[in-house]
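Novice: let me see the structure of the following:
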Amino acid sequence: MKLRFLGTGDAAQVPVFGCDCPACVRTSVISSHIRRSSCCTIESQGQRLLIDAGIENLAGYLTANPVDSILLTHFHVDHVQGLFPMRWGKGPEIKVHCPDDKQGCADLYKHHGMLNFMPIQKQFEPFKVGDFTVIAVPLRHSKQTLGYCVESEGVKLAYMTDTKGFPDKTLDFLMQWQPDTLVIDASYPPTTSQHSDGKNYNHNSIDEVEAILDLFISARVKVPKMWLTHISHKLDCYLMENQHFINPSLNIASDGLTIDILPQEIPRHIGQQRLMAAE
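Specialist: You can find the predicted model right below:
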């Protein structure tokens with residue numbers, strides 16, 4: 001299974017309009033540090049899924065890289081804006097699996113055109129999208145939001161954005177399902193997801209992601225390879241100054257990055273325990 005990050009930024013993206021912070025200025029010199037709205041594609045066995053649809057010129061990208069279906073995490077504008085012009089297109093319908101959010105976003109439901117929105121009624125239950133097995137799980141955000149657990153060719157990917165931590169049932173499920181790769185929202189530097197104005201911004205800080213990693217380790221289950229996405233210019237500034245403090249198990253995603261999702265080995269002591277239990 002291949003995962004390609006099309007965008008790894010938050011709603012403001014990087015560079016932020018009018019901002020002269022080091023991270024935003026850097027993008028004018030090194031374009032590889034530009035971050036568009038978070039979304040990705042997954043490829044396996046000749047099929048391709050798109051998760052979220054917020055990048056500019058999505059229609060142009062899909063003309064060259066057609067997808068079999070789309071999975072939407074939620075209906076905030078930065079995750080669906082690429083669909084607005086696409087709905088007026090021509091050709092076979094495109095299936096869009098999404099949360100059962102009656103509000104949607106603006107008039108996408110009313111004038112859906114070639115987009116066939118398919119609200120997911122049952123969470124934690126697998127369904128097939130081509131040869132992919134998909135399980136939708138609830139996330140903790142300001143709007144009804146789903147994470148997606150996708151399995152194909154014997155490997156498992158969990159894509160979890162936008163969220164602040166996990167609901168207990170989702171965390172328990174992930175511990176049991178044991179993804180090989182976990183892509184997770186990491187919008188802010190340490191301790192800044194709760195801002196000075198007291199408002200909760202519904203996204204993880206990097207130390208909160210590290211705490212989730214520690215939960216996997218302490219539970220003595222298979223620890224997934226973790227990739228950070230939905231990254232703000234504030235976190236990029238922090239990373240520029242503090243890269244040596246970042247947990248080496250946390251990988252920073254970037255726009256255009258393609259990775260192979262490979263099975264993660266269960267730690268030896270865990271395997272021995274299971275063997276003894278079986279005996």
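
Novice: and Asp236, how far from His244?
Specialist: 16 Å (Cβ to Cβ, to the nearest Å). (Each C-beta comes from the backbone N, C-alpha and C, glycine too.)

Novice: who's more crowded, these two?
Specialist: Applying other Cβ atoms under 10 Å to Asp236 and His244 shows that Asp236 carries more neighbours, namely 22 against 6.

Novice: ramachandran angles for the more buried one?
Specialist: Dihedral angles phi and psi of Asp236 (degrees, to the nearest 10) take the values phi -60, psi -40.

Novice: pretty sure it contacts His33?
Specialist: Yes - because the distance of 7.1 Å satisfies Cβ atoms under 8 Å, Asp236 is recorded as touching His33.

Novice: what is in contact with those two at once?
Specialist: In the contact map built from Cβ atoms under 8 Å, 6 or more residues apart in numbering, the residues linked to both Asp236 and His33 are 14, 23, 26.

Novice: hey, where'd the helices end up in the stretch 101-250 of the chain?
Specialist: 168-177, 206-218, 233-242 (DSSP state H, counting those that start in this stretch).

Novice: neighbouring contacts of the last one?
Specialist: Helix 233-242 is contacted from outside by 12, 14-16, 19, 21-24, 26, 33, 35, 186-190, 192, 206, 246, 252, using Cβ under 8 Å, 6+ apart.

Novice: now do 6 Å
Specialist: Applying Cβ atoms under 6 Å, 6 or more residues apart in numbering, the external contacts of helix 233-242 come out as 14, 16, 21-24, 188-189.

Novice: buried residues, stretch 98-116. List them.
Specialist: For stretch 98-116, burial by neighbour count (16 or more other Cβ atoms under 10 Å) applies to 98-99, 101, 104-105, 108-109, 112-113, 115.

Novice: between which two of the residues you listed is the distance greatest?
Specialist: Taking every pair in the buried residues of stretch 98-116 and measuring Cβ to Cβ, the maximum separation is 20.0 Å, between Pro99 and Gly113.

Novice: where does the stretch 101-250 of the chain have low pLDDT?
Specialist: Counting by pLDDT under 70, the ranges of the stretch 101-250 of the chain that qualify are 192-201.

Novice: and if we set it to 80?
Specialist: With pLDDT under 80 as the threshold, the stretch 101-250 of the chain has low-confidence stretches at 191-201, 244-245.

Novice: now the strands for it?
Specialist: Using DSSP state E, counting those that start in this stretch, the strands of the stretch 101-250 of the chain run over 115-119, 126-129, 132-138, 146-152, 155-160, 181-185, 225-229, 250-252.

Novice: what is the nearest residue to Ser44 once chain neighbours are set aside paired to in the beta sheet?
Specialist: Leaving out its chain neighbours, the residue that sits closest to Ser44 by Cβ to Cβ, 6 or more residues apart in numbering is Ser152, at 3.9 Å. Listed beta-bridge partners, Ser152: Val155 (assigned using DSSP bridges).

Novice: Ser152 contacts Phe132, doesn't it?
Specialist: Yes - using Cβ atoms under 6 Å, Ser152 and Phe132 qualify as a contacting pair, with a distance of 5.0 Å.

Novice: higher neighbour count, these two?
Specialist: Taking Ser152 and Phe132 together and counting by other Cβ under 10 Å, Phe132 has the greater number of neighbours (24 against 21).
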